[in-house]
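[1] I'll drop the sequence and a predicted model, then ask my questions.
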Amino acid sequence: NPNATTTDNDQDCDGITTEEDCDDNDNEIGSNLFDSDCDGIIEPIRKLASGTTHVCGLREDGTIVCWGSDQYGQISNIPSGRFASITSGFNFSCGLRLDGSVRCWGNFDQDLNPPISQKFVDISAGTYHSCGIKINGNIECWGYNPTSRIEYVQNSPSGQFSSISSGWLHTCAIRPNQDI
């Protein structure tokens with residue numbers, strides 16, 4: 001094969017390495033996940049966040065790569081920059097930047113824009129909403145509730161919290177004394 005190089009980057013295990021082995025032109029996994037310049041270096045992924053039809057990975061260098069469905073911009077609208085963590089909901093994802101700000105992308109028909117003026121230490125995406133622990137330990141939530149029961153978005157519990165996890169139409173958090 002005139003395009004063959006060595007078997008070091010043979011990602012399809014056919015014994016021959018071509019330019020096709022160094023990228024993902026059919027976008028099955030996402031073009032940024034593979035070694036697109038064939039230099040043999042692929043930045044490791046340290047955290048995954050799964051949405052309904054997409055997955056995002058947080059690389060060791062703090063950048064984000066996503067693959068799967070791009071129906072709502074889950075893949076094509078990934079923000080640039082470095083992030084501390086990521087989380088994914090139904091058709092969207094959010095990233096916690098190193099400065100504590102939050103950036104979300106994907107289906108914004110659900111009012112998923114995070115509070116711009118707030119800084120967070122932890123975030124979690126549910127189906128149609130996201131919540132975060134602000135730097136003062138309080139919780140703030142944003143998003144859409146299809147059942148019109150928006151108590152959890154408008155009336156977050158008071159007090160300090162150390163961990164948070166969002167689900168279908170709910171969010172739970174742990175207080176520093178381990179109470180839930």
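    Nice, I can see it.

[2] I'd like the average pLDDT over stretch 133-148.
    In this model, stretch 133-148 has an average pLDDT of 82.

[3] What residues sit buried inside that stretch?
    By neighbour count, with 16 or more other Cβ atoms under 10 Å as the criterion, the buried positions of stretch 133-148 are 133-134, 139-145. Every residue, glycine included, has its C-beta placed from N, CA and C.

[4] so where's the chain shaky on pLDDT?
    The chain contains residues with pLDDT under 70 at 1-41, 108-112, 145-155.

[5] Helices of that one, residue ranges please.
    Taking DSSP state H as the test, the helices found in the chain are 151-154.

[6] can you pull out the strands in it?
    When assigned using DSSP state E, the strands of the chain occupy the ranges 45-50, 54-59, 64-68, 83-88, 92-97, 102-106, 120-125, 129-134, 139-143, 163-166, 171-174.

[7] To Ser156, which of these lies closest?
    Set against Ser156 and scored by Cβ to Cβ, the strands of the chain come closest in strand 139-143, at 4.2 Å.

[8] residues in contact with that closest one?
    Under the criterion Cβ atoms under 8 Å, 6 or more residues apart in numbering, residues 89, 110-115, 118, 120, 126, 128-134, 152-153, 156-157, 161, 164, 171, 173 lie in contact with strand 139-143.
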